[in-house]
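Asks: pasting the sequence and the predicted model now:
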Amino acid sequence: MSVTPDWKAATQETVAHLSRLIQAETVNPPGNELPAILFIKELLEQEGFRSPDDFVILESAPNRVNLVARLRGDGSQRPLLLSGHVDVVPVEREKWSHDPFGGEVIDGEVWGRGALDMKGFLAMYLQIFLQVRRLRLPLKRDLIFAAIADEEAGFDHGSKFLVTQHRDLIDAEYGLTEGGAFTIPMGKRRIYAIQAAEKGVTWLKMTTSGKPGHASLPHDENAVFYLARAIERIRRAGHLPVHITPTFQAMIAKAAAQVGFPASLLIRSLSYPWVVSLCLKLLKGQPKSLLTALTTNTCTPTILQAGQKTNVIPAEAAVHLDCRRLPGQSPEDVMKEILSLTGAGVSFEPLDTSPGAAFPTESPLYRLLEQETRRLDPQGMVIPMMMPGATDACVYRQAGITMYGFTPGRFPEGFPVLSMAHGHDERIPISFIESGLPVLWAVVQKFCSQS
Ligand SMILES: [Zn+2]
């Protein structure tokens, strides 16, 4: 059977849904996902879905809601989950050229907070979900669609709530969520990075102790000096030790296979930590930040704390460190690495920690994602990637689900995608949606359908 949706009509419909989702203000904090979820509920009901058989709405707190819908397969294989968050980060309205909650279509782009992160992608998942039902695609595994809360502020009301309290509803063999397989310009090339790993989070408070006293009688044993010295040593080192993870190894192997000699040799040489260290010394700007994130535990000082009064030398000084761990590294490993730079005299207090995740890049689903992404752009380079930040994928992993960041599409040349998520003037080109829907459809059809 080779029934395919009418992609022009499906794109127009997705745009209309996206506008409505953007108009539902779901800024987190405070969250308030309710209006977006109610819109999706109405839509599902119009399509003949009934609660609670076909979908449920799950409230974790007032106005903090999640919707989980299901299309049933014959049960011969375990489900595929399509999960997207409906909350968005705050806006600075005065910096926007158009209403961030207008959902307006201007010059072929849908404008508004969440257009990219990730209401646009969610609207695409929803469209595919609806099309599977409309075309009565016979399924060998259930297809689950989840529109969830609280990705932007800690997962508690969304994926964590579902994983801990409603695991049966989202239980799946595989899942897709934000955000990979879209065009990232890299020099003359275009990269399509499918997310197959995420870093873990370790937030630390690093404290130094000294001798308190009156500031009119200065001395060297000042906790502020000790702290400044420790921070300076971290800065001077440039980065923590390099570790080559399996995801990074797979990334460079696949990248090398898609370029000619001698670029392939250069890329392959990145499997040696000393080569990476050398590159980190030579690189600048965004490429340096990215390579640092991919190959090291990172340690970024953010909040400084010391003293109450200008004329009192404090007994203690502290800095908050936002550390991101590579998969396989523990919070203790990170503290040891930092200590080897600062030397003794600092103490650590863990503030928050969450596990990272790494998923196989040789699974049947990963291979299919890779294959279908190539259709977007025959000249593009498709590689697996580790996300430096955290998404719902690391939470779903705790329920045993193999997750990939997969929101495919082709951005027009010059579209500033990397500065736009969480930035001003967030928008998504309609041409992106039109290019991505057939890819998503092909993945779902080939992976879930019996035909
Ligand atoms: Zn997001």
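Replies: Cool, the structure landed.
Asks: nearest residue to residue 379 other than its sequence neighbours?
Replies: In space, residue 379 comes closest to residue 190 once its chain neighbours are excluded; the distance is 6.8 Å by Cβ to Cβ, 6 or more residues apart in numbering. C-beta here means a position set from N, CA and C on the backbone, and glycine is covered the same way.
Asks: burial count for residue 319?
Replies: When neighbours are counted by other Cβ atoms under 10 Å, residue 319 registers 21.
Asks: pretty sure the residue nearest to residue 379 contacts residue 381?
Replies: Yes: Residue 190 is within contact range of residue 381, at 7.0 Å (criterion: Cβ atoms under 8 Å).
Asks: hey, where'd the helices end up in the stretch 201-350 of the chain?
Replies: 223-237, 246-256, 263-268, 273-282, 285-295, 331-342 (DSSP state H, counting those that start in this stretch).
Asks: I'd like those laid out as TSV, including distance to the ion, mean pLDDT and mean neighbour count.
Replies: Shown next, in TSV, are these (distance: least, Cβ to the ion, whole Å; pLDDT from 0 to 100; neighbours: other Cβ atoms under 10 Å):
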stretch	distance to the ion	mean pLDDT	mean neighbour count
helix 223-237	29	98	17
helix 246-256	20	97	20
helix 263-268	29	95	14
helix 273-282	28	97	14
helix 285-295	17	94	16
helix 331-342	25	98	18
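Asks: one step back: just checking, what packs against the strand or helix carrying the residue nearest to residue 379?
Replies: Using DSSP states H and E, the element containing residue 190 is strand 189-198. In terms of contacts (3 or more Cβ pairs under 8 Å, 6 or more residues apart in numbering; DSSP states H and E), strand 189-198 is packed against strand 183-186, helix 246-256, strand 357-358, helix 364-374, strand 381-387, helix 392-397, strand 402-405.
Asks: which among the helices of the stretch 201-350 of the chain is found nearest to residue 410?
Replies: When these are compared by Cβ to Cβ, helix 246-256 sits nearest residue 410, at 19.0 Å.
Asks: chain center to the closest one: distance?
Replies: Here helix 246-256 is found 19 Å from its chain centre; the criterion is Cα atoms, centre = their mean, to the nearest Å.
Asks: likewise stretch 404-415?
Replies: Centroid separation between stretch 404-415 and its chain, computed with Cα atoms, centre = their mean, is 14 Å.
Asks: re earlier: winner for burial among the helices and strands packed on strand 189-198?
Replies: Most buried of those by mean neighbour count (mean count of other Cβ atoms under 10 Å) is helix 392-397; its value is a mean of 25.
Asks: make a markdown table out of the helices of the stretch 201-350 of the chain and add distance to residue 211.
Replies: Output for the helices of the stretch 201-350 of the chain, formatted as a markdown table (distance: least, Cβ to Cβ, whole Å):
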| stretch | distance to residue 211 |
| --- | --- |
| helix 223-237 | 8 |
| helix 246-256 | 45 |
| helix 263-268 | 52 |
| helix 273-282 | 38 |
| helix 285-295 | 36 |
| helix 331-342 | 19 |
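Asks: now do stretch 397-408, average pLDDT.
Replies: For stretch 397-408, mean pLDDT rounds to 97.
Asks: quick one: it near the ion?
Replies: No: no part of stretch 397-408 sits close enough to the ion to count as contact by Cβ under 5 Å from the ion; the gap is at least 9.5 Å.
Asks: what's the answer for stretch 189-197, then?
Replies: No: using Cβ under 5 Å from the ion, stretch 189-197 never reaches the ion; the gap is at least 11.5 Å.
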